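*Asks:* Next one to model:
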Amino acid sequence: MIRPSYLKSLVMMGILLGTAALILYSCAQLKQKPPSPAATPETQALSPPLPGIEAGEDLTTLPEPGLPFAKQNRNPELILKDLPRDAAGNIDWVKALKDGIIHPKGTLEPGKPEIPPFPLDVEIPAVGAMPNVIFPHFPHTMWLECGNCHPNIFTMRKGSNPMSMVKIVNGEFCGRCHGRVAFPLSNCNRCHVKPKG
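*Replies:* Sure thing, here's the model as predicted:
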């Protein structure tokens, strides 16, 4: 005579094996399905549409200047394609500015006078054997007025800004822009340029 517990175990084993076989069969059927024509690389756009882009909006050409500004092309691949790049492939905004490719406004406030850029380099000591940083005001003041950084991000007094790479990586000091809209922090030699000694 077969014990009920043994019979129950056999039934459970059969159910488990049947379920496993059904799952494997279903997976095999899915793999054999040909891809739909809509999913082929030839029919996919360079990048997915961004929020706010209307159906039928031409994303292959730059917009004509003028109104309506809300309908300007917002495809970053197209807008940024002609800007110069650094060795790492990031946009070199300073070169774009110097080459006259971009023309940023000094301020968004009407009637406010432009502040000309000024050549002031500030040496910032680095920890250990790392070369010191030379902060060049000139490229920064080519498109930013002083109030963008002073006094909220940087206090204008020597030694009063307790900077560290940890703070910068976490979005403080230089990290407010670098690694977000300016060149990334991974290229140490862009800032650490003055050997010690």
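
*Asks:* which stretches of the protein form helices?
*Replies:* Secondary structure of the chain, counting by DSSP state H: helices at 4-32, 76-79, 93-98, 137-141, 165-169.

*Asks:* Quickly, which of the ones you listed bottoms out on average pLDDT?
*Replies:* If you rank those by mean pLDDT, helix 4-32 sits at the bottom with a mean of 64.

*Asks:* Tabulate the CA atom coordinates of stretch 180-191 in PDB.
*Replies:* Output of stretch 180-191 as PDB, limited to C-alpha atoms (Å, rounded to 0.1, in the frame of the first residue of the first chain):
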ATOM      1  CA  ARG A 180      26.900  68.800 -14.700                       C
ATOM      2  CA  VAL A 181      27.100  71.500 -17.400                       C
ATOM      3  CA  ALA A 182      30.800  72.100 -17.600                       C
ATOM      4  CA  PHE A 183      33.600  69.500 -18.200                       C
ATOM      5  CA  PRO A 184      33.600  66.500 -15.900                       C
ATOM      6  CA  LEU A 185      35.700  66.000 -12.900                       C
ATOM      7  CA  SER A 186      37.400  62.900 -14.300                       C
ATOM      8  CA  ASN A 187      40.100  64.900 -16.100                       C
ATOM      9  CA  CYS A 188      42.300  66.000 -13.200                       C
ATOM     10  CA  ASN A 189      44.800  67.700 -15.500                       C
ATOM     11  CA  ARG A 190      42.300  70.400 -16.600                       C
ATOM     12  CA  CYS A 191      42.500  72.000 -13.100                       C
END
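
*Asks:* contact partners of that stretch?
*Replies:* 86, 88, 90, 92-93, 130, 133-135, 165, 168-169, 171, 174-175, 178-179 (Cβ atoms under 8 Å, 6 or more residues apart in numbering). Every C-beta, even on glycine, is put in place using the N, C-alpha and C of the backbone.

*Asks:* ok, now how distant is residue 174 from residue 186?
*Replies:* Relative to residue 186, residue 174 is positioned 13 Å away (Cβ to Cβ, to the nearest Å).

*Asks:* Same drill for the two, tell me which one is more crowded.
*Replies:* residue 174 (22 against 9; other Cβ atoms under 10 Å).

*Asks:* check contacts around the nearest residue to that one once chain neighbours are set aside.
*Replies:* In space, and not counting its chain neighbours, residue 174 is closest to residue 168: 5.0 Å by Cβ to Cβ, 6 or more residues apart in numbering. Shown in contact with residue 168 (Cβ under 8 Å, 6+ apart): 174, 175, 178, 185.

*Asks:* can you pull the pLDDT of the first one?
*Replies:* As summarised for this prediction, residue 174 has a pLDDT of 96.

*Asks:* cool, the last one as well?
*Replies:* Per-residue confidence (pLDDT) for residue 185: 90.

*Asks:* Pass me the low-pLDDT residue ranges in the chain, would you?
*Replies:* For the chain, the stretches with pLDDT under 70 are 1-7, 9-11, 14, 16-74.

*Asks:* which stretches of it form strands?
*Replies:* Taking DSSP state E as the criterion, the chain carries its strands at 121-124, 132-136, 192-194.
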